[in-house]
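Visitor: The following block contains a protein sequence and its predicted model.
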Amino acid sequence: KSSARCTRKPAARQAPGRMSAKAGSQSTSLKRPAGRLVSKAVKRLKAEARLPLRKILYVMRGAPGSGKSTAARWLLAQHLGAQGTKWSPETAGAAFSPVCRAFICSTDDFFTEVDETGSAEYFFDAQQLREVHQQNHNRCKEAMRLGRTPLFIDNTNIALWEMRTYINMADKHGYFSVIVGPEELGPEAWNIKLLSQRCNNERQRAEGKSIPQEVLERMLERYEMLPPGVQGVAWKPFAAALEPVRTAKSPLDKPRYRYAGLDVEEQALTILGGLKLGPLFWGAAKGDASASGNLLAARAESSRWASPDRLHVTVAFFGRNGSQEQAEDLLGREFQVRISSLVFLRGGGLLCAVCDFPEEARKILTDLAGDAWRPHITLLTAESWKARDSNALLEAWEEAKVQSTQLDTCEATHLDQTQDSAPRTAQETGTELPGDLEVFSSRICDKP
């Protein structure tokens, strides 16, 4: 795999100390006697058992054969023991057992076939590697949504960006994060000859999983180190110490398209945060008083809805090479934003706020955005919906309002002509009513 710019490891390796806890995180001892085999060092790893159900994610790093998989199994056994479940990581086939696969997430699992006797065979396909990494992301995400703990990411993670998705998921789902690499496993984890021997002879490896020595050498040359004191520590969600991982750039990252917009995060949450969304938003029947909650309550359900990084009104996208001069002239200017309506899909699939501006401000912004601009704030999206779908939702909402108005006009004319006291149905007037349309508008605030 290609990687971002990497830093070579220094000649002198940092000896592992204690897996300490910061900011209220759990503490795990990582003592290693000097000169001992790495397998002995692994056996001395101690997991914190005082809070056995604390949600924690271990991200293992290192070249194949460095002992990271063995360390993951030893830590898993200690956590399970603290939870009241006895499991040994030393039994034959433990590495391929259902227990391991439930808690230890490795992309290699998708290339490994285990038969009914417990024998494992490895079938690697480089063309499937990117897809398999995505499957491992999904697997970890589902485990976190269920609150399974502890979890382990057992990949090489040579470059920092390879850990980025897992750390972000841990933050989102409230997991402590621990990164364990060769620095914690001892100098043997850097020994090319020893790594090569283990990759070809280790009894716990699947058949067919041999790795050439030159591949191992390239991995160690590309290994990106974190600042001292970051690895081996159980960090709380969103800890600043893991920011180098969160911001690491991947060679696979697509170019980010720049856009111009109005930042309304604080004002929108102040105005809309306490607004009751009503039963239709929550997927309940109309008038169901038991189904209620405000926007802040919905934002708190992170497993159900996603929120933009910052609430904003998008004005214009520039693309890769789009001109930004007109937008740059507007930088720093303030505009009054009026939120007139909330529009959502029943059941909360997508929620956005319709915005409007005073005449002069709208003219200035429309010159930048274009005549088709529908100013809005995307507030929440469910898993199958994206923020870009807001425009389509608003377009459908506008069409539905027009249909509703046309129906009202048609029915009024029909009643005036016939003097019929009975109301006519949509079928009689020849106009279809929009299915579950609920239109309501209210001026919420005219403040900037």
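Guide: Everything's here; your move.

Visitor: Show me where this protein has its strands.
Guide: 56-60, 104-105, 112-114, 120-122, 151-154, 176-180, 258-263, 305-306, 312-319, 338-344, 350-356, 376-382 (DSSP state E).

Visitor: Need these in CSV (columns: distance to residue 287, mean neighbour count and mean pLDDT).
Guide: Quick note: C-beta positions are derived from backbone N, CA and C, even for glycine. As requested, these are arranged in CSV below (distance: least, C-beta to C-beta, whole Å; neighbours: other C-beta atoms under 10 Å; pLDDT from 0 to 100):
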stretch, distance to residue 287, mean neighbour count, mean pLDDT
strand 56-60, 43, 26, 96
strand 104-105, 45, 23, 96
strand 112-114, 54, 17, 86
strand 120-122, 57, 16, 83
strand 151-154, 42, 26, 97
strand 176-180, 43, 27, 95
strand 258-263, 36, 16, 85
strand 305-306, 23, 18, 87
strand 312-319, 33, 17, 84
strand 338-344, 17, 19, 90
strand 350-356, 20, 22, 92
strand 376-382, 23, 22, 92
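
Visitor: unless I'm mixing things up, residue 373 is touching residue 366, no?
Guide: Yes. Residue 373 is within contact range of residue 366, at 5.9 Å (criterion: C-beta atoms under 8 Å).

Visitor: Could you dump the strands of the chain into a markdown table with distance to residue 229 added?
Guide: Formatted as a markdown table, the strands of the chain follow (distance: least, C-beta to C-beta, whole Å):
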| stretch | distance to residue 229 |
| --- | --- |
| strand 56-60 | 16 |
| strand 104-105 | 26 |
| strand 112-114 | 35 |
| strand 120-122 | 36 |
| strand 151-154 | 21 |
| strand 176-180 | 11 |
| strand 258-263 | 35 |
| strand 305-306 | 32 |
| strand 312-319 | 36 |
| strand 338-344 | 46 |
| strand 350-356 | 42 |
| strand 376-382 | 37 |
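
Visitor: For residue 69, find the nearest of these.
Guide: Minimum separation from residue 69 across the strands of the chain (C-beta to C-beta) falls at strand 151-154, 5.4 Å.

Visitor: and that closest one, how far from the chain's centre?
Guide: Distance of strand 151-154 from the chain centroid (C-alpha atoms, centre = their mean, to the nearest Å) equals 16 Å.

Visitor: Number the chain from 387, please
Guide: Sure thing, new numbering starts at 387, so read that last one as strand 537-540.

Visitor: Do you know the pLDDT at the residue nearest to the spatial centre of the chain?
Guide: In the chain, the residue lying closest to the centroid (C-alpha atoms, centre = their mean) is residue 555, at 4.6 Å. Looking at residue 555, its pLDDT reads 97.

Visitor: so how far is residue 655 from residue 597?
Guide: 51 Å (C-beta to C-beta, to the nearest Å).

Visitor: Distance from stretch 517-535 to the middle of the chain?
Guide: Counting by C-alpha atoms, centre = their mean, stretch 517-535 comes out at 10 Å from the chain centroid.

Visitor: is it true that residue 753 touches residue 715?
Guide: No. Using C-beta under 8 Å, residue 753 makes no contact with residue 715, being 10.7 Å away.

Visitor: List the residues that contact residue 477.
Guide: By C-beta atoms under 8 Å, 6 or more residues apart in numbering, the contact list for residue 477 reads residue 483.

Visitor: swap in the one 10 residues further on?
Guide: By C-beta under 8 Å, 6+ apart, the residues touching residue 487 are residue 495.

Visitor: And it, how far from residue 616?
Guide: Distance from residue 487 to residue 616, by C-beta to C-beta: 28 Å.

Visitor: What of residue 715?
Guide: Relative to residue 616, and taking C-beta to C-beta, residue 715 is found at 43 Å.

Visitor: All the helices of the stretch 637-786 of the chain, in order from the start?
Guide: 651-658, 681-686, 711-714, 745-755, 776-804 (DSSP state H, counting those that start in this stretch).

Visitor: Out of the ones you listed, flag the one nearest residue 535.
Guide: helix 681-686 (20.9 Å).

Visitor: Now do the buried residues in the closest one.
Guide: Residues of helix 681-686 classed as buried: 681, 684 (neighbour count, 16 or more other C-beta atoms under 10 Å).

Visitor: Report the buried residues of stretch 617-627.
Guide: Applying 16+ other C-beta under 10 Å to stretch 617-627 flags 617, 618, 619, 620, 621, 622, 623, 625, 627 as buried.

Visitor: And for stretch 517-529?
Guide: Taking 16+ other C-beta under 10 Å as the criterion, stretch 517-529 shows 518, 519, 522, 523, 525, 526, 527, 529 as buried.

Visitor: ok, and the closest non-adjacent residue to the fifth one?
Guide: What it means is residue 525. Closest residue to residue 525 apart from its sequence neighbours, by C-beta to C-beta, 6 or more residues apart in numbering: residue 491 at 5.4 Å.

Visitor: Would you mind naming the residues that bridge with that neighbour?
Guide: residue 539 (DSSP bridges).

Visitor: Identify the residue nearest residue 754 in space, chain neighbours excluded?
Guide: According to C-beta to C-beta, 6+ apart, the nearest residue to residue 754 is residue 702 (5.0 Å).

Visitor: quick revisit: now, which of the buried residues of stretch 617-627 sits nearest residue 565?
Guide: residue 617 (4.7 Å).

Visitor: Near the closest residue to residue 541 other than its chain neighbours, how many other residues are there?
Guide: Closest residue in space to residue 541, ignoring its immediate chain neighbours: residue 493 at 5.7 Å, by C-beta to C-beta, 6+ apart. By other C-beta atoms under 10 Å, 21 other residues sit near residue 493.

Visitor: unless I'm mixing things up, residue 493 is touching residue 524, no?
Guide: No. The pair residue 493 and residue 524 fails to qualify as a contact (C-beta under 8 Å) at a distance of 11.7 Å.

Visitor: circling back: enumerate every residue touching the residue nearest to residue 541.
Guide: 515, 518, 519, 521, 522, 541.

Visitor: Now compare those residues and name the two farthest from each other.
Guide: 521 and 541, at 12.5 Å, using C-beta to C-beta across those.

Visitor: just to revisit the earlier point, make TSV out of the buried residues of stretch 517-529 and add distance to residue 736 and pLDDT.
Guide: Conversion of the buried residues of stretch 517-529 to TSV gives the following (distance: C-beta to C-beta, whole Å; pLDDT from 0 to 100):
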residue	distance to residue 736	pLDDT
518	31	93
519	29	93
522	29	95
523	23	96
525	27	96
526	26	97
527	21	96
529	27	97
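
Visitor: out of these, which one sits closest to residue 661?
Guide: residue 527 (30.2 Å).

Visitor: How many residues are close by residue 689?
Guide: Neighbours of residue 689 (other C-beta under 10 Å): 13.
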